[in-house]
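*Asks:* Give me the fold of what follows.
(one chain, ligands or ions: 2)
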Amino acid sequence: MSGEDEIIEALKSVQDPELNMSIVDLGMLKKVELVPGAVNINIDLTIEGCPLKDTLQRDINKAVAPLGHRKINVYFSSMNPQQLEALKQRLGAERSAKINSYGKGSSKPGEAPGGINRLAKKVPNLIAVSSGKGGVGKSSVTAQLAMALKREGYQVGILDADITGPSIARIFGVTERPLVEGKDTLIPVPSKSGVDILSMNLLISDEKAPVIWRGPLINGAIRQLYANAKWEGHDYLLVDMPPGTSDATLTVFQSLPLDGAIIVSSPQALVGMIVEKSIGMANILKIPILGIIENLAYIELPDTKKPFYLFGSLKAEAMAKRHGIPFLGSLAIRPELADACDLGKIDSIDVPIFHEIAKRIAETRLAASK
Ligand SMILES: Nc1ncnc2c1ncn2[C@@H]1O[C@H](COP(=O)(O)OP(=O)(O)OP(=O)(O)O)[C@@H](O)[C@H]1O
Ligand SMILES: [Mg+2]
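*Replies:* Ligands and ions are numbered 1, 2, ... in the order given. From the prediction side, this is the model:
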């Protein structure tokens, strides 16, 4: 048996304290490496900043110490959402629930589960528009919802958290650079309809130039678009989320003081499966889900104006029911909307269902604040 195999064998006795299963069987042991004078052990926690980290560290040291290595270095990182989802599926619902409740009761106000510090609150209603899947209409729904809330009389802003694929500024046809107040406070740029916008595209000199950044820079930019901007005075700040459930999404969910998330789906089965991951992520991070909107659900037949459901009827409604989440409505495919987005003229679009959706969101938030 090599030295590394021996260490792995010893680590099999270390259990995750909540799940009562070996960290090796749970796939939490990422790497064991013998280096001159030490052994390096890399562990993937199920949740970033897991409160059980100290217990694990102690148990690992205890298990490996008898093998006589001079120094034992334990490095912690966390599973990505896909690995976590795979693990949860393997464990089944009952055991997975234990992962969801890690740190429950121990997270203080202003902290995400696991003790991550959230940025300070600036607006009464900070809402992420999320999906898990790309191209389902997050940005166009964010824009239309923002305009509908504005029509209800609220001051509304949009933070475009899609750093590498920003589209909010383009959809609204806004190109001006944000003014800077004081040393480094960005003033969001108003669109024609009066919705204030901040997007990476307004901060780079050429909107077509790619932003080729790694995770930490992207995460830093998202935090800055919130922390270093004058969002105070807005009643609603909507966050247009990047596609996927990876690093950038996690940053928004963990570090912005969100009051809720709206999930956008479309009726194809594969999309539904991926959107469920987004719902799971919001649940893990204890972000209340304010509702699901199904986009691209049907077309209106030109002569009869009757809806024709291209991919079968209202799958998101069933998904909402399954999760006990409000279903906010389904949206038609409208060529004029696609054109308006391409031409930067979303302000010219007014789809009546968004009036109802905006009213429902406002009522839900009002009830929550009482
Ligand atoms: N209901 C609709 N009818 C017609 N076109 C739509 C509709 N919803 C969205 N689109 C168009 O589909 C494309 C994708 O929409 P959008 O950019 O809003 O999606 P997204 O989820 O934000 O995408 P990404 O994941 O890339 O950020 C856009 O060109 C948009 O104009
Ligand atoms: Mg988008």
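
*Asks:* so what's the residue of the stretch 201-350 of the chain found nearest ligand 2 bridging to?
*Replies:* Of all residues in the stretch 201-350 of the chain, Asp240 sits closest to ligand 2, at 5.8 Å by CB to the ion. In short, each C-beta sits where N, CA and C put it, glycine included. For Asp240, the residues forming beta bridges with it (DSSP bridges) are Val129, Asp160.

*Asks:* what does this protein put close to ligand 2?
*Replies:* Counting by CB under 5 Å from the ion, the chain comes close to ligand 2 at Lys138, Ser139, Ser167.

*Asks:* Among those, which has the minimum pLDDT value?
*Replies:* Between the residues of the chain next to ligand 2, the one the model trusts least by pLDDT is Ser167, at 92.

*Asks:* residues near it, how many?
*Replies:* Neighbour count of Ser167, defined by other CB atoms under 10 Å: 18.

*Asks:* from what I can see it touches Val141, true?
*Replies:* No: if you go by CB atoms under 8 Å, Ser167 and Val141 don't touch, sitting 11.9 Å apart.

*Asks:* Can you verify my assumption that Met241 contacts Gly132?
*Replies:* No: contact status for Met241 versus Gly132: not in contact, 9.1 Å apart, counting by CB under 8 Å.

*Asks:* quick revisit: filter the residues of the chain next to ligand 2 down to just the ones in helices.
*Replies:* Using DSSP state H, the subset of the residues of the chain next to ligand 2 located in helices is Lys138, Ser139.

*Asks:* Please, which helix or strand holds the residue most central in space within the chain?
*Replies:* For the chain, the residue whose C-alpha lies nearest the mean C-alpha position (CA atoms, centre = their mean) is Thr249; its distance is 3.4 Å. Secondary structure assignment for Thr249, by DSSP states H and E: helix 247-255.

*Asks:* Also Asp339?
*Replies:* Secondary-structure assignment from DSSP H and E places Asp339 in helix 335-343.

*Asks:* buried sites along the next helix or strand along the chain from that helix?
*Replies:* Where DSSP H and E defines the elements, the next helix or strand beyond helix 335-343 is helix 353-369. Residues of helix 353-369 classed as buried under the neighbour-count rule (16 or more other CB atoms under 10 Å) are Phe354, Ile357, Ala358, Ile361, Ala362, Thr364, Arg365.

*Asks:* per-residue confidence for the residue nearest to the fourth one when sequence neighbours are not counted?
*Replies:* Read it as Ile361. Nearest non-adjacent residue to Ile361, counting by CB to CB, 6 or more residues apart in numbering: Leu290, 5.9 Å away. Each residue has a pLDDT score; the one for Leu290 is 93.

*Asks:* same deal with Tyr298?
*Replies:* Confidence for Tyr298, expressed as pLDDT, is 93.

*Asks:* and the spatially closest residue to it that is not a sequence neighbour, how far is that from Val264?
*Replies:* With CB to CB, 6+ apart as the measure, Pro307 is the residue that lies nearest to Tyr298, at 4.1 Å, once sequence neighbours are left out. Applying CB to CB, to the nearest Å, one obtains 19 Å for the distance of Pro307 from Val264.

*Asks:* neighbour-wise, which of those two wins?
*Replies:* Between Pro307 and Val264, Val264 has the larger neighbour count (other CB under 10 Å), namely 29 against 14.

*Asks:* Ala128 is in contact with that one, correct?
*Replies:* No: if you go by CB under 8 Å, Val264 and Ala128 don't touch, sitting 10.6 Å apart.

*Asks:* Okay, and Gln83 sits in which element?
*Replies:* Using DSSP H and E, the element containing Gln83 is helix 81-100.

*Asks:* For that helix, name the packing helices and strands.
*Replies:* Other elements packing on helix 81-100 under the criterion 3 or more CB pairs under 8 Å, 6 or more residues apart in numbering; DSSP states H and E are helix 269-284.

*Asks:* what does the helix it packs on contact?
*Replies:* Residues external to helix 269-284 that are found in contact with it (CB atoms under 8 Å, 6 or more residues apart in numbering): 47, 81-82, 84-85, 88, 99-100, 113, 130-133, 136, 245, 249-250, 253, 261, 263-265, 288-289, 292, 315-316, 319, 323, 325.

*Asks:* try 6 Å
*Replies:* Where contact means CB atoms under 6 Å, 6 or more residues apart in numbering, the residues beyond helix 269-284 that reach it are 81, 85, 100, 130-133, 245, 261, 263, 265, 289, 315, 319, 323.

*Asks:* Sort out for me which of the residues you listed are in strands.
*Replies:* Counted as lying in strands by DSSP state E, out of those, are Ser130, Ala261, Ile263, Ser265, Ile289.

*Asks:* And the second one, how far from ligand 1?
*Replies:* Read it as Ala261. Taking CB to the nearest ligand atom, to the nearest Å as the criterion, Ala261 is separated from ligand 1 by 14 Å.

*Asks:* What degree of burial does that residue show, as a neighbour count?
*Replies:* By other CB under 10 Å, neighbour count at Ala261 equals 25.

*Asks:* Contact partners for it?
*Replies:* Contact criterion CB under 6 Å, 6+ apart gives Ala128, Ser130, Ala282, Ile287, Ile289 as the residues in contact with Ala261.

*Asks:* May I have the beta-bridge partners of it?
*Replies:* For Ala261, the residues forming beta bridges with it (DSSP bridges) are Ala128, Ile289.

*Asks:* Relative to Gly233, how far out is it?
*Replies:* Distance of Ala261 to Gly233, given as CB to CB: 23 Å.
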